[in-house]
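Asker: Let's see this in three dimensions:
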Amino acid sequence: MSMNTNGSPTAEDLDDLIAEADTGNRQPKSRFAIALLLTLPLIWSLFQLWIGSPLPSQFGIGFLNDTESRALHLAFAVSLAFFAFPAFKSSPRSRIPYIDYILAFIAAFCAAYLFLFYEDLAMRPGLPTTVDLIVAAIGIVLTLEAARRSLGPPLVVVALFFLAYVFFGDSEYVPEILRWKGASIEKAMTHMWLTTEGVFGIALGVSSGFVFLFVLFGALLNQAGAGNYFIQVAFSLLGHMRGGPAKAAVLSSAMTGLISGSSIANVVTTGTFTIPLMKKVGFSAEKAGAVEVSSSVNGVIMPPVMGAVAFLMVEYVGISYIEVVKHAFLPATISYIALLYIVHLEALKSNMQGLPRVTPARGWKMQVLRSGIITASLLILAGALYYVVMAIRWLLGDIANIGLLMLVVFGYIGLLYLSAKSDDLHMDHPDTEIVRLPLFSDIYKAGLYYLVPLVLLIWFLMVERKSPGLSAFWASMLMAFILITQKPLKAWFRQQDNIKSHVIAGLLDLVDGLNTGARNMIGIGVATATAGIIVGTVTLTGIGQVMAEFVELVSGGVLIIMLLMVALISLVLGMGLPTTANYIVVSSLMASVVVELGSQNGLIVPLVAIHMFVFYFGIMADVTPPVGLASFAAAAVSGGDPIKTGFTAFFYSMRTALLPFLFIFNTDLLLIDVTFIQGVIVFFVSLAAMLIFAAATQGYFMVRSRWYESALLILVAFTLFRPGFWLDQIMEPYEVYQANQMLTYIENHDDLHFMRVSVEGENIDGRWIEKTVIMPLDLQGDAQDRLAAGAGLEIREEDDRIFIDNLMFGQFAEQQGLDFDWEITQFQVEATRPNKEWFFVPAFLLVMLIVYIQKKRLRKELFTAGTSV
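Answerer: The predicted model follows:
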């Protein structure tokens, strides 16, 4: 890697770093190849916009079903993988070899086979011809090669391991507990390629239907200049504080994380500016890189995109997109605030200062008042906007959509007019001397119009409850309009000449944005297809059920050991895998295992909590040495040691590693079954707990902490996160009754909505199962009627014992894996006991005691320092 005279990598080197990881670093010289790498992604973007729009269904032109659109989506992805990514490090980058043209064409044909011969395949389901099987086999091989080129070997190795299990699962070398009968070539290829159970399954469907449009929206928004605007706003707000550049890096990465699904791109985009400034105010190269890595990786957990995982959760967990965002928002926000606090503690420990500011510092009271006024103003504006939209709908009726369109357009033009009065924002080189920080009052107007498409996207998702794909389509169309018009309109407002050149520049920006968005999707498209091989193996072989037995055997049935195993598997698989693929693989294998073994331990774990658990540890793999790709990217910018940067970033990210365990044992953090008031309390208490945990792990609170103070702070954090643990030690959480009392108890409690029921019995595979489930009850009728209507369950009594007599297909009991003739051994209802929140009182009192002790020590240290001076 070449360096500037100051030792930092050049902009070209950093562009190559992003290209190698995300978009492909082949830069051909021939006109044909250049045109191909420009037009093919452009056509892909236009194709995705077309199928994402309401036009095909409204006009009946060019309508494709899910299978057909997935096939063409993969055809674009694999062909571009061969064109844009060289086969090896020694392969030419200035030209596309002829073999790559051939491989790209064959791969695209195999992927599009389901589109080209859809009707023929539909006429003979399960009866593949020889040609079908040849196409499927070649398609899988070339998809794996495309994944190797664009993502590296780890995902391919994992997929090959699972394919080997499909064919050789009956081998004597496979542990007996994991063996299965094996599959023929015909059965495997049909399942993997010719149906929607394998490569063309849910994951690829999510990539085609939702993810592409969100990635495209982010690329268009960044092309318009929003990324630069977010960074400048972050520095104007936080740059003057202690360790200000690091705090600005955290905030800017949070904002760019809203529009980006790539942690590596986040690191390079914001880190190019923030890391040198962090080093200026006193951070070492490794710590500066680690702060950028931690904040950039956390950008992937921020709704609405969440590195494409949000949309996969919708399909895998079976909940709405709004529910996923609700569950993800609180942990992500708390994690970011805690990272800001960690940076603040690092600055305090080293007595760092902020960047110079041009205006005198305000007192903390004035800053709090100003923040409160800004927050209140934004809430008032949001409320006013809501009622304006409702008024337009009431007044205009059937033509309200035209009125709303005019509101959006005029709102954008009005904010753009305001922006035109300010100078365009340009990123200063981080190595230049910082004379003064930009003033927020000077720069916030320059990019207010970027908020219009973001508001539109959030409005469609949260208020209109439109599908994520349709919401992203309209937001992307608005961004295309903004890219074309922002430069000529600004020039016109500023009374500049040569409007035509600005129009051309806007069109070129749009083409670049469409091209970049498509190339950013190559890796995700190929990754979801390759992960489909693994998912197909799970559905074909039933290894998910076998994994439950294997994990139970290894963990000894101890839930915490099992969770640690899942976390370790997520970390190992995530080393070199993109977050999306890692989530698909581990959730397909382990999510049901954790739910099953949790219920056998009497712990009812919501499925979304398990998926969030897997997701968070998959993200940690981007940080963790020895692979940690984001850490290597940050080290390339900072000039620090990549392994040391990775370990420091992991230390900073311990709060992110703690959160998943809390999802399992305290689902309040995911806002599951909590009221609004409870949610507010959970937020503030969880935030306090996370900040206290950060202070404990950093060894610094008011002053440097002594070991016992850090230990007490960890105890306080644990109590705030899991107050129920201490209450459970004093009082049993549930009252236990024998099963033969169940009908009588239900009859006597008309307001009972749920009941924990323990069952045992032999499943269809001959395995003895013991589990606990939360059984919903209807509020009407006698006990049998309430069980049937609420849970789809009928029971019978024999010799003073209770057995399951009938299960209604598709109802709760059947979905929980219960079976006929299983015995209900006991039932549990929540015991009447004090609120667990009472334990917050001694926890906060202990914090106040530590604050008092450390403040006393701080005054003594300041007095000693003063006398020595």
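
Asker: Make sure Gly761 is indeed in a strand.
Answerer: Yes - residue assignment for Gly761, taken from DSSP: H, G, I helix; E, B strand; the rest coil, places it within a strand.

Asker: Look up how far Asp782 lies from the closest residue in space to it that isn't next to it in sequence.
Answerer: With sequence-adjacent residues excluded and distances taken as C-beta to C-beta, 6 or more residues apart in numbering, Gly761 is closest to Trp822, at 3.0 Å. (Each C-beta comes from the backbone N, C-alpha and C, glycine too.) Using C-beta to C-beta, to the nearest Å, Trp822 is found at 22 Å from Asp782.

Asker: Looking at those two, which has the bigger crowd around it?
Answerer: With neighbours defined as other C-beta atoms under 10 Å, Trp822 and Asp782 compare such that Trp822 has more, 21 against 11.

Asker: wait, doesn't that one sit right on Val759?
Answerer: Yes - Trp822 is within contact range of Val759, at 5.0 Å (criterion: C-beta atoms under 8 Å).

Asker: Overlap in contacts, these two.
Answerer: Both Trp822 and Val759 are in contact with 769, 804, where contact means C-beta atoms under 8 Å, 6 or more residues apart in numbering.

Asker: if I look at Asn395, how far off is Gly403?
Answerer: That one is not Asn; residue 395 is Leu. Counting by C-beta to C-beta, the separation of Leu395 from Gly403 is 8 Å.

Asker: Looking at these two, which is more packed in?
Answerer: Gly403 (15 against 10).

Asker: wait, the more buried one sits on Gly397?
Answerer: No - under the criterion of C-beta under 8 Å, Gly403 is not in contact with Gly397, lying 9.7 Å apart.

Asker: pretty sure Leu64 contacts Ile51?
Answerer: Yes - in this structure, Leu64 is within contact of Ile51 by C-beta under 8 Å, at 5.8 Å.

Asker: who has more neighbours, those two?
Answerer: Under the criterion of other C-beta under 10 Å, the comparison of Leu64 against Ile51 puts Ile51 first, with 23 against 18.

Asker: contact partners of stretch 372-385?
Answerer: Val455.

Asker: now that stretch: how far from the chain's centre is it?
Answerer: Distance, stretch centre to chain centre, for stretch 372-385: 28 Å (C-alpha atoms, centre = their mean, to the nearest Å).

Asker: where along the stretch 1-150 of the chain do the helices fall?
Answerer: Taking DSSP state H, counting those that start in this stretch as the test, the helices found in the stretch 1-150 of the chain are 11-18, 31-52, 55-59, 66-84, 98-116, 118-123, 130-151.

Asker: Give me the mean pLDDT for the first one.
Answerer: Taken as a whole, helix 11-18 has an average pLDDT of 56.

Asker: Give me the below-cutoff pLDDT ranges for the stretch 601-750 of the chain.
Answerer: Within the stretch 601-750 of the chain, the stretches with pLDDT under 70 are 601-603, 622, 625-629.

Asker: wait, the stretch 1-150 of the chain
Answerer: For the stretch 1-150 of the chain, the ranges with pLDDT under 70 are 1-24.

Asker: Leaving out the residues flanking it, which one is nearest to Phe105?
Answerer: Distance criterion C-beta to C-beta, 6+ apart; nearest residue to Phe105, sequence neighbours excluded, is Ser79 at 7.3 Å.

Asker: what's the neighbour count on that neighbour?
Answerer: As a burial measure, Ser79 scores 27 neighbours (other C-beta under 10 Å).

Asker: hang on, it packs against Pro41?
Answerer: No - taking contacts as C-beta under 8 Å, Ser79 lies outside contact range of Pro41: 10.4 Å.

Asker: Using the three-state scheme, assign Phe809.
Answerer: What three-state DSSP gives for Phe809 is coil.

Asker: That one: neighbour count?
Answerer: Around Phe809 there are 7 other residues, counting by other C-beta under 10 Å.

Asker: same question, Val317
Answerer: 20.

Asker: Give the buried residues for stretch 142-157.
Answerer: 142-152, 154-156 (16 or more other C-beta atoms under 10 Å).

Asker: Please save the CA atoms from it in PDB.
Answerer: Taking Å, rounded to 0.1, in the frame of the first residue of the first chain, the C-alpha atoms of stretch 142-157 are listed here in PDB:
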ATOM      1  CA  LEU A 142     -20.200 -21.400 -10.300                       C
ATOM      2  CA  THR A 143     -22.200 -19.800  -7.400                       C
ATOM      3  CA  LEU A 144     -19.600 -21.100  -5.000                       C
ATOM      4  CA  GLU A 145     -16.800 -19.700  -7.200                       C
ATOM      5  CA  ALA A 146     -18.600 -16.300  -7.400                       C
ATOM      6  CA  ALA A 147     -18.800 -16.400  -3.500                       C
ATOM      7  CA  ARG A 148     -15.100 -17.200  -3.300                       C
ATOM      8  CA  ARG A 149     -14.200 -14.300  -5.500                       C
ATOM      9  CA  SER A 150     -16.400 -11.700  -3.900                       C
ATOM     10  CA  LEU A 151     -16.400 -12.900  -0.200                       C
ATOM     11  CA  GLY A 152     -13.300 -15.000   0.200                       C
ATOM     12  CA  PRO A 153     -13.100 -18.700   1.000                       C
ATOM     13  CA  PRO A 154     -14.700 -19.000   4.400                       C
ATOM     14  CA  LEU A 155     -18.400 -19.100   3.300                       C
ATOM     15  CA  VAL A 156     -17.500 -21.500   0.400                       C
ATOM     16  CA  VAL A 157     -15.700 -23.800   2.900                       C
END
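
Asker: so how far is Ser588 from Ile610?
Answerer: Applying C-beta to C-beta to Ile610 and Ser588 gives a distance of 12 Å.

Asker: How about Leu846?
Answerer: If you go by C-beta to C-beta, the gap between Leu846 and Ser588 works out to 43 Å.

Asker: between these two, who's got more neighbours?
Answerer: Taking neighbours as other C-beta under 10 Å, Leu846 and Ser588 compare with Ser588 leading, 25 against 16.

Asker: Report the inter-axis angle for the lengthiest helix in the chain versus helix 130-151.
Answerer: If you go by DSSP state H, the chain has its longest helix at helix 499-541. Relative orientation of helix 499-541 and helix 130-151, computed by axes from the mean of the first three to the mean of the last three C-alpha atoms, to 10 degrees: 120 degrees.
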